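# Have a look at this prediction, sequence included:
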Amino acid sequence: MFRALRVAQVLDATPPRSRVDLVEDFEDDALGDGDVTVDVEYSSLNFKDGLALAGRPGVAKINPLIPGIDLVGTVSRSDDPRWTPGDHVVLNGWGIGETHSGGLSQRARVKGDWLVALPEAISPKRGAAIGTAGFTAMLAVLALERAGATHGDVLVTGAAGGVGSIAIAVLAGLGHRVVASTGRLEESDYLLSLGAAEVIDRGPLGEPGKPLQSQRWSGAIDSAGGHTLANVLAQTNYGGTVASCGLAQSAELPATVMPFILRAVTLTGINSVFAPRPLREEAWDRLATDLDQGLLDALSTTIPLADAPANAERILAGRVRGRIVVDVNA
């Protein structure tokens, strides 16, 4: 038996709601299909996890669900020849914590195709601190690099969140001048400590703006969407690239084609859930070399499994700085 969080939808409730319990005596039948069993050491809290734990619609596709879209642990059993007991692995996405039992658990059964070897330079706890947020940030950095869009100011929106914090640390470590956009200017010292050269208020970016504006950014990583993304596109330099990886403000894009056809701006989408294995391995290898481990520790907080539900509303309200690591054995 093992312990895990369980999110169960109360089907006869009006309005519909969910119940979250810490179950101490789960059996392996609750884990779902898979050819590799992992003894989980750490998970983390992401926006999707906050939605699931808070009972918001759109994330939990099975009932009941063990939430958690990240896990880091050690293989305990494998029918996949690529993995053997004792291997240290990390898993981000592929539907865990949504359509498949996830990482807020002491045990997980998953498909071998979903796993990536945890780089030796990254400890399990730091691997969870990186999690989906850091993995997404690195995918966005790789996209900007492929486009050659980092020769000048690079904007990072949602800067105090998990994706933004790690994106700033990586970009600054690579020598880029990073401008951090945030609605929490009280976090300016924190963002500057990560390597941001300048901190700006997100307010003007979040308001309706002109289709074309003064050029400011060689590239950008945006986790807001909505008017913020539209304004970022309108302010991007000729030939620049914007990596879109979130919709914290809105799923809408109230923009025109003018930045694309008059300034050759590129908008590239970042999907961390179904990224192919070669790209996953490249991202994790780069995280092992390009992310300052000390900065990672500084932007991370560790909580026990039982405290995860209480932090759900905090992460949804944007009150979480950096990353929350969940020690599933504490």
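Sure, I can see it.

# Report the buried residues of the lengthiest helix in the chain.
Once the chain is assigned using DSSP state H, the helix that runs over the most residues is helix 124-147. For helix 124-147, a neighbour-count test (16 or more other CB atoms under 10 Å) marks 124-144, 147 as buried. Heads up, the C-betas are built off the backbone N, CA and C, glycines and all.

# Using PDB, write out every CA atom in it.
Output of helix 124-147 as PDB, limited to C-alpha atoms (Å, rounded to 0.1, in the frame of the first residue of the first chain):
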ATOM      1  CA  PRO A 124      15.600  14.400  -7.400                       C
ATOM      2  CA  LYS A 125      14.400  17.400  -5.300                       C
ATOM      3  CA  ARG A 126      15.800  19.800  -7.900                       C
ATOM      4  CA  GLY A 127      14.300  17.800 -10.700                       C
ATOM      5  CA  ALA A 128      10.900  18.400  -9.100                       C
ATOM      6  CA  ALA A 129      11.700  22.100  -8.500                       C
ATOM      7  CA  ILE A 130      12.300  22.300 -12.300                       C
ATOM      8  CA  GLY A 131       9.200  20.300 -13.100                       C
ATOM      9  CA  THR A 132       6.800  21.200 -15.900                       C
ATOM     10  CA  ALA A 133       7.400  24.900 -15.300                       C
ATOM     11  CA  GLY A 134      11.100  24.700 -15.800                       C
ATOM     12  CA  PHE A 135      10.800  22.200 -18.600                       C
ATOM     13  CA  THR A 136       8.400  24.500 -20.400                       C
ATOM     14  CA  ALA A 137      10.700  27.500 -19.800                       C
ATOM     15  CA  MET A 138      13.600  25.600 -21.400                       C
ATOM     16  CA  LEU A 139      11.500  24.600 -24.400                       C
ATOM     17  CA  ALA A 140      10.700  28.300 -24.900                       C
ATOM     18  CA  VAL A 141      14.300  29.200 -24.600                       C
ATOM     19  CA  LEU A 142      15.200  26.600 -27.200                       C
ATOM     20  CA  ALA A 143      12.500  27.900 -29.500                       C
ATOM     21  CA  LEU A 144      13.900  31.500 -29.200                       C
ATOM     22  CA  GLU A 145      17.400  30.200 -29.900                       C
ATOM     23  CA  ARG A 146      16.400  28.300 -33.000                       C
ATOM     24  CA  ALA A 147      14.900  31.500 -34.300                       C
END
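
# In the sheet, which strands lie alongside the helix or strand just after that helix, parallel or antiparallel?
Next helix or strand after helix 124-147 toward the C-terminus (DSSP states H and E): strand 154-156. Sheet pairing here is set by DSSP bridges, and for strand 154-156 it gives strand 178-182 (parallel), strand 217-222 (parallel).

# closest to residue 77 out of those strands?
Closest of the strands paired with strand 154-156 to residue 77 is strand 217-222, at 38.3 Å (criterion: CB to CB).

# hey, which of the strands paired with strand 154-156 is tucked in deepest?
Most buried of these by mean neighbour count (mean count of other CB atoms under 10 Å) is strand 217-222; its value is a mean of 28.

# State the distance from the most centrally placed residue in the chain to residue 93.
Taking CA atoms, centre = their mean, the centroid of the chain lies closest to residue 133, which sits 2.1 Å from it. Distance of residue 133 to residue 93, computed by CB to CB, to the nearest Å: 12 Å.

# Kindly report the same for residue 241.
According to CB to CB, residue 241 and residue 93 sit 23 Å apart.

# Export the strands paired with strand 154-156 as a markdown table, with columns for mean pLDDT and distance to residue 278.
Listed next are the strands paired with strand 154-156 as a markdown table, based on pLDDT from 0 to 100; distance: least, CB to CB, whole Å:
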| stretch | mean pLDDT | distance to residue 278 |
| --- | --- | --- |
| strand 178-182 | 98 | 27 |
| strand 217-222 | 98 | 22 |
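
# what's the closest of these to residue 72?
strand 217-222 (23.7 Å).

# which element follows the closest one toward the C-terminus?
helix 226-235.
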